[in-house]
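Chemist: the sequence and its predicted three-dimensional model are supplied below.
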Amino acid sequence: MASGVELAQSGVWATGDQRVKQALTFLVFLSLVMVGPTDAQPPATLRGVGATYIEAHGGYSLDAALEAVGAKWWYGWRRLPGGDGVPMVWGRGDLGKPINGNAEWIMFYNEPENGDQAGVEPMPAAADWVIFRTSYPGRRYVSPGCYSVEWLEDWLGRIDVMPDALAAHCYMVQGAEGACKSHLARFVALVQRYGIPEVWVTEFAYVPQPGEGYAGAIAWMADITAWMDAQPTITRYAWFELAYLGSEPWAWGVARNTSLVDYNTGALTALGEAYRIDTIAYADPRADVDGNKSIDILDLVIVGSSFRKPVR
């Protein structure tokens, strides 16, 4: 007897008869129950976001925005993100203070090479690393999030216990800049050299030039995420960022806002639509059981079981 998947692939699914669709869905469900989970696994790389604003504002709410863009994880550059956000000890002033959120992981220092951010030299940051691990025992530790490979390499040479993940930043801000693949490849080489299990790209974005529009950013997003997905040691990445106004001191201006969600309305931006669509397409292709290059009602039976939100 043909399974629901075989019937779907044979073209019966294309009849448009809703009763047939429902029957096929039921058959697939029965086959999953009878034979157990498929050998298909969730994607290894978890797509996420950084989120500055966690309080509701206008039409924006954090949970709805995370769901809208298909984020599998998030953090907020803070000790107390709440929910399932990954906490971060942003700088030396946070060290040793309480945290909340997803305490399985904890992140250490944000751009310490940058005087406008954590602003810590590698030697004192290496001493702080001991305090950090002692203050938050029993967790998995993420290195400082850096753009500078050189800063991280210096820091790694000064510590005795390696992090569980190395955090990397990469931006394309100017038209000729932003060769993120070659930049991130240096972080990949660093984890291989030091025996660190994985790389988290905790900030990445294409920041359009004034008047450029977002077509280039959308194309770049698709290209760089596909490249990161193919790197076995890159296990998480987070677009910069979920929502912001563009007028913040650290932003590039309203016309160059890289938000995925409009902070005032909660609606997806053009970048958010692209990230969401790419997230759906990013599902293991074996989840597209009827081969129509989309996740539809039949596929959702499998997506809802074997392809539930992965936990890393």
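Modeler: Thanks, I have the structure now.

Chemist: from residue 190, how far out is the residue nearest to residue 56 when sequence neighbours are not counted?
Modeler: Distance criterion C-beta to C-beta, 6 or more residues apart in numbering; nearest residue to residue 56, sequence neighbours excluded, is residue 62 at 7.5 Å. Where you see a C-beta, it was placed from the backbone N, CA and C, and this is true even at glycine. Separation of residue 62 from residue 190 (C-beta to C-beta, to the nearest Å): 32 Å.

Chemist: state the helix or strand in which residue 222 lies.
Modeler: helix 215-229 (DSSP states H and E).

Chemist: list the helices and strands that helix packs on?
Modeler: helix 180-194, strand 198-206, strand 234-239, helix 270-281 (3 or more C-beta pairs under 8 Å, 6 or more residues apart in numbering; DSSP states H and E).

Chemist: among these, which is the most enclosed?
Modeler: strand 198-206 (a mean of 25; mean count of other C-beta atoms under 10 Å).

Chemist: mind listing the strands in this protein by residue range?
Modeler: 46-50, 73-75, 88-89, 105-108, 140-142, 165-172, 198-206, 234-239 (DSSP state E).

Chemist: is the spatially most central residue of the chain in a bridge, and if so with what?
Modeler: A centroid search over the chain (C-alpha atoms, centre = their mean) returns residue 48, at 2.4 Å, as the residue closest to the centre. Under the criterion DSSP bridges, residue 48 forms beta bridges with residue 73, residue 238.

Chemist: quick one: residues contacting residue 166.
Modeler: 142, 143, 152, 187, 190, 191, 196, 198, 199, 200 (C-beta atoms under 8 Å, 6 or more residues apart in numbering).

Chemist: hang on, I meant residue 139
Modeler: By C-beta under 8 Å, 6+ apart, the neighbours of residue 139 are 103, 104, 105, 106.

Chemist: and of these, the nearest to residue 55?
Modeler: residue 103 (21.3 Å; C-beta to C-beta).

Chemist: let me know the pLDDT of the nearest residue to the closest one once chain neighbours are set aside.
Modeler: Counting by C-beta to C-beta, 6+ apart, residue 103 lies nearest to residue 139, which is 6.0 Å off, once chain neighbours are set aside. Looking at residue 139, its pLDDT is 95.

Chemist: for residue 164, see how far away the residue nearest to residue 56 is.
Modeler: 26 Å.

Chemist: residue 245 and residue 224: what is the separation?
Modeler: Counting by C-beta to C-beta, the gap from residue 245 to residue 224 is 25 Å.

Chemist: likewise for residue 45?
Modeler: 12 Å.

Chemist: thinking again about what came up before, list the contacts for the residue nearest to residue 56?
Modeler: 51, 53, 54, 55, 56, 83, 242.

Chemist: in PyMOL, how would I select the buried members of the residues you listed?
Modeler: Of these, the buried ones can be selected in PyMOL as follows, counting by 16 or more other C-beta atoms under 10 Å:
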select buried, resi 51+53+54+242
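
Chemist: rank the contacts of residue 62 by pLDDT and give me only the lowest.
Modeler: residue 83 (93).

Chemist: okay, now the unreliable bits of this protein?
Modeler: Residue ranges of the chain with pLDDT under 70: 1-44, 174-178, 278-312.

Chemist: understood, closing this out.
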